[in-house]
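# I'll drop the sequence and a predicted model, then ask my questions.
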Amino acid sequence: MVRSGRPRRRRILRTLAWLAGLGALAAGLAVAYFAGYELTAPEQPVAPAPEPVSGGAPVPAAPVRPERVNILLLGIDARQEGAQTRSDTMILVSIDPSTRDVAMFSIPRDSRVQIPGHGLDKITHAHAFGGVELATRTVAENFGIPVHHWARIDMPGFLKLIDVLGPVEVDVPYDLRLDDGRFLEKGRHTMDSQLALAYLRERYNDPDGDFGRASRQQQFLIDVAKQLKAGMTLLDLPQTLAIINRYVETDMGLRDAVALARLAWGTNLDGIKRGMVKGRGIMLNGIYYYEVDWPATNQVLADLGIKDGPATGGTNAAAATTKQP
């Protein structure tokens, strides 16, 4: 009898400990939320925008708005655990905490940029060469945008949130055949994690290629955020936090994370501005690249409110040379 009772007591104690921990976490989040913590840009970004250097290659000329907070989202599609991976998805989320203005700026994985220490190459390789540090530095130095925070997301794992919280309703903008043969007609679709992953990966059958995929990824994130905001309850918190903790790495501490959540909760998600790098596809030595049109891209950044105005005469470090890889 004693032996049979011990496992049961241990299970009860573990349950009580878990509930106590959950209660403490919920209390901590509540205190942080109601204390009114606001998201602010750190004094020293993780990857500050470079200053123009006399005699060197100029960076985009338009000034960056100092009050904005820029967060780089790196979607990693790691097929093998621990593998040195490229960034399959790269989206800069720029937030003005005072106005709650939010902009999403997608950077195609094949964009041809200067990767510090590695020369001209596809921006997707920056993460494989040097992890988050090099990826954020590459974005900052090529686009002249300070990166204040980053979040690296294992997309296949992160999408398990859909299985925990329920399927997500996604607005598919046009007819699309996925790589696995499934066909999605234009319109609303209910997606589980597996269908969502196939949908977010697909680019070869997309009529707009990687740019269509980037736009779909942006809209998918907005759709998911809407449904999380509308449907998540305190009972979903344990599994949600467990998945986020396992599949999302970030440099943000609890205070900044709570401030970001607080800001997002009061943001009109339908009003998020969306844009992406402008350019054209080229072939160099038999390899496909996306050649960035820097003046047009700087104009996009200005239109999104990330910079104060369009660049005038400024170029980018990667555009300052015509040397081919």
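Great, that's in hand.
# Which parts of the stretch 151-300 of the chain are strands?
168-172, 176-177, 183-184, 187-191, 248-250, 273-276, 279-284, 287-292 (DSSP state E, counting those that start in this stretch).
# Could you save those strands as a markdown table and add columns showing mean pLDDT?
Output for the strands of the stretch 151-300 of the chain, formatted as a markdown table (pLDDT from 0 to 100):
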| stretch | mean pLDDT |
| --- | --- |
| strand 168-172 | 90 |
| strand 176-177 | 94 |
| strand 183-184 | 94 |
| strand 187-191 | 93 |
| strand 248-250 | 87 |
| strand 273-276 | 93 |
| strand 279-284 | 93 |
| strand 287-292 | 94 |
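# can I get those in JSON lines with mean neighbour count and distance to residue 47?
(Glycine included, C-beta is placed from N, CA and C.) JSON lines is the format used below for these (neighbours: other Cβ atoms under 10 Å; distance: least, Cβ to Cβ, whole Å):
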{"stretch": "strand 168-172", "mean neighbour count": "17", "distance to residue 47": "31"}
{"stretch": "strand 176-177", "mean neighbour count": "16", "distance to residue 47": "34"}
{"stretch": "strand 183-184", "mean neighbour count": "14", "distance to residue 47": "37"}
{"stretch": "strand 187-191", "mean neighbour count": "14", "distance to residue 47": "33"}
{"stretch": "strand 248-250", "mean neighbour count": "15", "distance to residue 47": "14"}
{"stretch": "strand 273-276", "mean neighbour count": "18", "distance to residue 47": "20"}
{"stretch": "strand 279-284", "mean neighbour count": "12", "distance to residue 47": "22"}
{"stretch": "strand 287-292", "mean neighbour count": "18", "distance to residue 47": "18"}
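# Can you add distance to residue 108 and give those strands back as a markdown table?
As requested, those are exported to a markdown table (distance: least, Cβ to Cβ, whole Å):
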| stretch | distance to residue 108 |
| --- | --- |
| strand 168-172 | 20 |
| strand 176-177 | 18 |
| strand 183-184 | 22 |
| strand 187-191 | 23 |
| strand 248-250 | 23 |
| strand 273-276 | 7 |
| strand 279-284 | 8 |
| strand 287-292 | 5 |
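# For residue 148, which of the ones you listed is the nearest?
Between residue 148 and the strands of the stretch 151-300 of the chain, the shortest gap by Cβ to Cβ is with strand 248-250, which sits at 11.6 Å.
# What strands flank the closest one, and is each parallel or antiparallel?
Next to strand 248-250 in the sheet, as set by DSSP bridges, lie strand 149-154 (antiparallel).
# how near is the spatially closest residue to residue 222 that is not a sequence neighbour to residue 252?
Distances taken as Cβ to Cβ, 6 or more residues apart in numbering put residue 269 closest to residue 222, at 5.4 Å, once the chain neighbours are dropped. Residue 269 is 20 Å from residue 252, where distance means Cβ to Cβ, to the nearest Å.
# Of those two, which one has the most company?
When neighbours are counted by other Cβ atoms under 10 Å, residue 269 and residue 252 differ, and residue 252 comes out ahead with 17 against 13.
# which ones are touching the more buried one?
Going by Cβ atoms under 8 Å, 6 or more residues apart in numbering, residue 252 touches 149, 151, 260.
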